[in-house]
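K.L.:
Fold the stuff below for me.
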Amino acid sequence: MSGATGPLAAALVEAEEIIRQAPHVRSEADVAEGLEYLLGTLRGVIEGGQHRGRTHPQLFEATGPYTKMGLDNPDTLYFYANLADDAEYVIEGVRGTTADLSFQVLAGNYSADDRAASHAAFDDRALEIDDDGRYSFRLGPPRHDDDEGDAGYVVLHPGGSMIAVREVFSDWDTEVAGSATLRRVDSAGTAPQPPTVAGQEKFYAKLAEVLIGRLRTWLAFPDWFFGDQERNTLYEPRQTPGGLTTQFSSAGIFELEPDQAMVISVPVAGVPYQGFQLGSMWYASLDYVHHQTSLTADQAHVHSDGMIHLVLSERDPGLANWLELLGHREGIMQFRWQRVDGPITPESGPSWKIVPFGSLADEVPGYAGQQVGPEQWRDRIAARQQAFARRGLS
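P.N.:
Down below sits the predicted model:
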């Protein structure tokens, strides 16, 4: 294949082979899901590539329901911008009413062999926010000896290449997202150079490289994190890998037969954000708009014992806290606790058991209190769809 688009065309052929030969692919449905995942990956790579210019960066959304990667959290809006470590930037925004807003400076990229390094991570509690919810801070190379202690100035160490902004919802119905903008100080008021054929040839070649790298990276992640962990178990809550200092997680891989269910019980921790989600072996969230594949503490039914009792099963048990498997015999499951002030202890973490589907009435505490009928479930999904639409995530 020749021409500027040749490398990308060849990469798409290779990508399809990667999808079809993935270790977990066993059926035509798995292939179809993989090809849909490939479309989202391609879209994300293109969007990320078009925003990669470091001279005139803007925050862009490259992870969402149609550009999934990295076990994306259904409750999170993700925004990124690429940085040059020798330039200075200003981020300005308005704090919304969401459960959490955090910022992270990363160096390098995730790959099948390595992980991006976290150079700085903090949430909006580190910022000065005025009565109108406005905040502002700068990023740039070291200026003074005391820069590291200045909450209004984030030092970009050599190699710092990207900022990630995460805004997290606990209640999709009532919380409102804020806003954030980024500008590079020395290029404000100027325009980037126009495209050239040589530049576009490099761009398409880079897209091809990134597409294959991204597919291989996230396919490797389940083995990285869960390779030695027994199926149908969740590890004790621990600080989430990757430098997110105020986030704890507990995760694992489920593997259930059609006549089995997994009952997971977890206390309401009383932190700003507590959520649970299911994902595929592509290390991407399951459809969370039209199906209930995730729940936050605000969305879940809480039993009188202060516990959330979740049920994972393929068949509908007629319960409010049912997590739909959508035909997946295996997949990722993960809890997140965010904006925490201290460790999430094992006592605050989950317990679980695998039971016959037919015995759920005896195995789920408060079973009668969270029963829902087919019409109630349809209303529940309709409300979920509408709340998602109001969130404005695309």
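K.L.:
Test my guess that residue 12 contacts residue 42.
P.N.:
Yes: in this structure, residue 12 is within contact of residue 42 by CB atoms under 8 Å, at 7.5 Å. Heads up, the C-betas are built off the backbone N, CA and C, glycines and all.
K.L.:
which of these two has more neighbours?
P.N.:
Using other CB atoms under 10 Å, the more surrounded residue of residue 12 and residue 42 is residue 42, with 19 against 14.
K.L.:
Skipping adjacent residues, who's closest to that one in space?
P.N.:
Closest residue to residue 42 apart from its sequence neighbours, by CB to CB, 6 or more residues apart in numbering: residue 211 at 6.3 Å.
K.L.:
List the contacts of the one you found.
P.N.:
By CB atoms under 8 Å, 6 or more residues apart in numbering, the contact set of residue 211 is 8, 11, 12, 15, 41, 42, 45.
K.L.:
Any regions of the chain where pLDDT drops low?
P.N.:
The chain contains residues with pLDDT under 70 at 1, 52, 108-116, 145-149, 160, 242-243, 392-394.
K.L.:
Spatially central, which residue of it would that be?
P.N.:
residue 72 (2.2 Å; CA atoms, centre = their mean).
K.L.:
distance of that one from residue 327?
P.N.:
Using CB to CB, to the nearest Å, we find residue 72 at a distance of 20 Å from residue 327.
K.L.:
next one: residue 227
P.N.:
24 Å.
K.L.:
Just want to know which of those two has more residues nearby.
P.N.:
Legend: neighbour count by other CB under 10 Å for residue 227 and residue 327, higher for residue 327 (12 against 9).
K.L.:
What sits closest to the more buried one if chain neighbours are left out?
P.N.:
In space, residue 327 comes closest to residue 29 once its chain neighbours are excluded; the distance is 5.9 Å by CB to CB, 6+ apart.
K.L.:
name the element the one you found belongs to?
P.N.:
Counting by DSSP states H and E, the element that carries residue 29 is helix 28-50.
K.L.:
Show me what that helix is packed against.
P.N.:
When contacts are defined as 3 or more CB pairs under 8 Å, 6 or more residues apart in numbering; DSSP states H and E, helix 28-50 sits against helix 6-20, helix 197-226.
K.L.:
Can you point out the buried residues in the longest one?
P.N.:
Applying a neighbour-count criterion of 16 or more other CB atoms under 10 Å, one finds 203-205, 207-208, 210-215, 217-222, 225-226 buried in helix 197-226.
K.L.:
Stretch 283-293 too?
P.N.:
Neighbour counts using 16+ other CB under 10 Å place 283, 284, 285, 286, 287, 288, 292, 293 of stretch 283-293 among the buried residues.
K.L.:
same thing with stretch 383-393?
P.N.:
For stretch 383-393, a neighbour-count test (16+ other CB under 10 Å) marks 384, 387, 388, 391, 393 as buried.
K.L.:
What about residue 191, how many residues nearby?
P.N.:
Per other CB under 10 Å, the neighbour tally for residue 191 reads 8.
K.L.:
Provide the partner residues of the closest residue to residue 153 other than its chain neighbours in its beta bridges.
P.N.:
Nearest-residue entry for residue 153: residue 138, 5.0 Å, with adjacent residues in sequence omitted and distances by CB to CB, 6+ apart. Under DSSP bridges, the beta-bridge partners of residue 138 are residue 90, residue 153.
K.L.:
Count the neighbours of residue 138 for me.
P.N.:
Counted with other CB under 10 Å, residue 138 comes out at 16.
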